[in-house]
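1. Got a predicted structure plus its sequence, pasted below:
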Amino acid sequence: MEKQSRRNFLKTTAIATAAITGLTTRKTKAQEQKGFLPDKAMGVLVDTTVCIGCRKCEWACKTAHQMPTPPIEEYDNRDVFKKMRRPDYTSYTVVNEYKNSDPDKFPIDVKVQCMHCDQPACVSACIVGAFSKLENGAVVWDESKCIGCRYCMVACPFQIPAFEFHKAFQPKITKCDFCYTRQSEGKLPACVEVCPVEALTFGKREDLIQVAKEKIRLYPKRYINHIYGEFEVGGTSWMYLASEDFTKLSFPKLQREPAPGVSESIQHGIFAYFIPPVALYALLGGVMWLNKNKKTETEEE
Ligand code: SF4
Ligand code: SF4
Ligand code: SF4
């Protein structure tokens, strides 16, 4: 992708500034996107009652993204479930295991990754447009635009974007990209393709909601009557079915309204100290962008 030029940065900042100016009186950019998705938005329905915790999806994700990974056989080791894990720069997705409240039943395995929110807080929060929501539902990150401010990490209600803290130069924000490159080639997301028990169903988001509702209707003892992600934070492309309340499976309890972009929180905080918010917000972005370029230049010398 094209590198962010100084002129482009100023242009982007001007747009961001204009957007921020309107935040006090108008809805956020993400809120205004309501209704943007309907037809083309794809999604994945995760049926946690089917998942066997084989973690093949973790392996497939790393392989598809050319990330270092142990051989697939090593993923059979279930000791990994002794502690809870989060996606980070080494894994865009992880599977965690929870005790079933019915001791006669199998434990519950839950795959975690970016939810690809319909109205993403990360997109709202990013002042230089490094995050964007694509027509197929994927929320993606553009390295060439990122200034490393990490507002996206603060804004995400699911604590998904991770940062390569170990890298002194050009650290990246990392997260599941919904395999948008594979999707553009007509392929399934790698995790969906590999899942041996079809715990993951890829399809149009609106169709998946119908599939989920039908499953709940047919098997009311198997599922609680809640499709996680249908409405949370305005809806997400990834949705879940489960046999237990989602709060017992570490899902955050969220409102139906889209999560506010961190920009709003920052702006309100700054207002309290009587500093003109737009100017300061733009300045923060400018300082970070210049620092980024300085680092790049030093590296290239
Ligand atoms: S889960 Fe977080 S990172 Fe993913 S789209 Fe939603 S706000 Fe963005
Ligand atoms: S959709 Fe692609 S990037 Fe996201 S978890 Fe699955 S394999 Fe990984
Ligand atoms: S590959 Fe499928 S069954 Fe295995 S852990 Fe991932 S989602 Fe669950």
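-> Structure received. Ligands and ions are numbered 1, 2, ... in the order given.
2. ok, which residues in this structure are in contact with ligand 3?
-> Neighbours of ligand 3 within the chain, by Cβ under 6 Å from any ligand atom: 51-57, 95, 109, 111, 194-195, 197, 199-200. In short, each C-beta sits where N, CA and C put it, glycine included.
3. May I ask which two of these are separated the most?
-> Using Cβ to Cβ, those span at most 14.8 Å, a distance reached by 109 and 194.
4. sorry, back to before: from the residues of the chain next to ligand 3, which single one is nearest residue 254?
-> For those, the nearest to residue 254 is residue 111 (18.5 Å; Cβ to Cβ).
5. so what's the closest residue to ligand 1 within the stretch 151-300 of the chain up against?
-> Nearest residue of the stretch 151-300 of the chain to ligand 1 (Cβ to the nearest ligand atom) works out as residue 156 at 3.2 Å. Applying Cβ atoms under 8 Å, 6 or more residues apart in numbering, we find residue 156 in contact with 121-122, 259.
6. Just those: which are in helices?
-> Of the contacts of residue 156, the ones assigned to helices by DSSP state H are 121-122.
7. so which of the contacts of residue 156 comes closest to residue 186?
-> residue 122 (26.9 Å).
8. Can you select the buried ones among the residues of the chain next to ligand 3 for me in ChimeraX?
-> In ChimeraX syntax, the buried subset of the residues of the chain next to ligand 3 is picked out as below (16 or more other Cβ atoms under 10 Å):
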select :51,53,54,55,56,57,95,109,111,194,195,199,200
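9. For residue 96, what is the enclosing helix or strand?
-> strand 94-98 (DSSP states H and E).
10. Where do the strands of the stretch 101-250 of the chain begin and end?
-> In the stretch 101-250 of the chain, the strands defined using DSSP state E, counting those that start in this stretch lie at 108-112, 131-133, 139-141, 162-163, 173-174, 200-204, 238-241.
11. returning to that earlier point: please name the strands paired to the strand holding residue 96 in the sheet, noting orientation.
-> Here strand 94-98 has these sheet partners by DSSP bridges: strand 108-112 (antiparallel).
12. ok, the strand it pairs with near ligand 1 or not?
-> No: using Cβ under 6 Å from any ligand atom, we find that strand 108-112 stays clear of ligand 1, coming within 10.1 Å at best.
13. What lies in contact with that strand?
-> Residues outside strand 108-112 that contact it (Cβ under 8 Å, 6+ apart) are 46, 48-49, 51-53, 57, 86-87, 93-100, 191, 199-200, 240, 242-244, 249-250.
14. before we move on, what about stretch 165-174?
-> Here stretch 165-174 has contacts from 88-89, 92, 130, 141, 143, 146, 148, 150, 152-153, 161-164, 295-296, 299, using Cβ under 8 Å, 6+ apart.
15. Spell out which parts of the protein neighbour ligand 1.
-> Checking the chain against ligand 1 by Cβ under 6 Å from any ligand atom, the hits are 114-117, 120-122, 139, 156, 158, 160-161, 175.
16. Weed out the non-buried ones from those residues.
-> Listed as buried from the residues of the chain next to ligand 1 are 114-117, 120-122, 139, 156, 158, 160-161, 175; burial here means 16+ other Cβ under 10 Å.
17. Any chance of JSON lines for these, columns pLDDT?
-> Compiled in JSON lines, those are given as follows (pLDDT from 0 to 100):
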{"residue": "114", "pLDDT": "98"}
{"residue": "115", "pLDDT": "98"}
{"residue": "116", "pLDDT": "98"}
{"residue": "117", "pLDDT": "97"}
{"residue": "120", "pLDDT": "96"}
{"residue": "121", "pLDDT": "96"}
{"residue": "122", "pLDDT": "96"}
{"residue": "139", "pLDDT": "97"}
{"residue": "156", "pLDDT": "96"}
{"residue": "158", "pLDDT": "97"}
{"residue": "160", "pLDDT": "97"}
{"residue": "161", "pLDDT": "97"}
{"residue": "175", "pLDDT": "98"}
